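Enquirer: Sequence first, then the predicted structure, then my questions.
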Amino acid sequence: MKLTQNVPRRTFLFYTGGAIAAVLAGCGKSGESGQKPLIVGMDLSYPPFEMVDPSGNPAGVSVDLAKALAESLGRELKIENIPFVGLIPTLQNGRLDCVISSLSDTPARREAISFSAPYVTVGLALLVGKNSPVQSIADLDQPGRTIVVRQGTTGEIWARKNLKQAKILAVDKENSAVLEVSQGRADAFIYDQMSVWKNSQENPTTTRALLQPVEEQHWAIGLRKGNEELKSQIDAFLTTFRQKGGFQALGDKYLPAQKKAFAEQGVPFVF
């Protein structure tokens, strides 16, 4: 879902633990010696999933998930902050054990790496004008309509494949796309649900969010092809983490307003 960000590469080393990791107490190995650190790649520029806190430390949904995973494996956690476009190549060359970075599982990426079981289901949604009559994607594919997308995103791919009559306007920055809608030059911006909701909150007098998904995608943990042992361990971890309420806790901690907005529109939440 994300695009490339110019974030300097930096390494953070953790001794695992904490509130979210504590959810896993009793579900895996912990504190074993002699284990190599679990090296996880992520792009810390996508709050609240991957970000840097005011003290300069990694924070967010994916960071807590990585801590809980390392705790379950009994390994120290090392986070490598790498621009999104460099994550898969770095994983392929063996410098990472896995990638946890809001990474969509797509057929094209499966040609390069393998994926864990999915842990997030997120959809493409619509940011429309505050007073627009548009209620769904069905109202948009018409002559005279303009749909703005961010270049290179799954929103652009979906729009070019599925919209036959509306004009598609591709821009390079998210805020440029939002501006097109808020100033009435475009009828809608197709983007991920979380970002659409965030932009509607930041521009409440000119925009509104239609969160019913146009298309659903799944985020998963990226792994090198052939690393079946770690894939098996991660899949087992994700199952246990969900059963013990780990994802519910992450949503309550980082995304309470989003959960409320999704519920108000009758849209299933992403976890």
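Expert: Here it is on my side, so go on. Numbers count the residues shown, from 1 in each chain.
Enquirer: rest of the way, CA atoms for contacts and neighbours
Expert: Will do.
Enquirer: tell me the strands in the stretch 51-200 of the chain, going along the chain?
Expert: 51-52, 58-59, 77-81, 98-99, 114-115, 120-129, 146-150, 167-171, 188-192 (DSSP state E, counting those that start in this stretch).
Enquirer: So which of those strands is nearest residue 39?
Expert: strand 77-81 (4.7 Å; CA to CA).
Enquirer: What mean pLDDT does that closest one get?
Expert: Averaged over strand 77-81, pLDDT sits at 96.
Enquirer: do stretch 146-165 as well
Expert: Mean pLDDT, computed over stretch 146-165, is 90.
Enquirer: Residues contacting that stretch, please?
Expert: If you take CA atoms under 8 Å, 6 or more residues apart in numbering as the criterion, stretch 146-165 is touched by 1-3, 124, 140-143, 166-174, 177, 180-181, 185-192.
Enquirer: Can you give me the buried ones in stretch 167-179?
Expert: For stretch 167-179, a neighbour-count test (16 or more other CA atoms under 10 Å) marks 167, 168, 169, 170, 171, 174, 177, 178, 179 as buried.
Enquirer: Take the strands of the stretch 51-200 of the chain and lay them out in TSV including distance to residue 199.
Expert: Shown next, in TSV, are those (distance: least, CA to CA, whole Å):
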stretch	distance to residue 199
strand 51-52	18
strand 58-59	21
strand 77-81	25
strand 98-99	27
strand 114-115	30
strand 120-129	8
strand 146-150	14
strand 167-171	16
strand 188-192	10
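Enquirer: Show me the one of those that comes nearest residue 201.
Expert: Proximity to residue 201 (CA to CA) singles out strand 120-129 among the strands of the stretch 51-200 of the chain, at 10.7 Å.
Enquirer: what bits of the stretch 151-271 of the chain have low per-residue confidence?
Expert: Judged against pLDDT under 70, the stretch 151-271 of the chain has no low-scoring part.
Enquirer: which stretches of it form helices?
Expert: 154-162, 174-182, 193-202, 228-243, 246-254, 256-264 (DSSP state H, counting those that start in this stretch).
Enquirer: Could you identify the pair within the buried residues of stretch 167-179 that is furthest apart?
Expert: It's 167 and 174 that sit farthest apart of those, by CA to CA, at 18.1 Å.
Enquirer: Dump the helices of the stretch 151-271 of the chain to a markdown table, plus distance to residue 221.
Expert: As requested, the helices of the stretch 151-271 of the chain are exported to a markdown table (distance: least, CA to CA, whole Å):
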| stretch | distance to residue 221 |
| --- | --- |
| helix 154-162 | 18 |
| helix 174-182 | 25 |
| helix 193-202 | 19 |
| helix 228-243 | 8 |
| helix 246-254 | 15 |
| helix 256-264 | 23 |
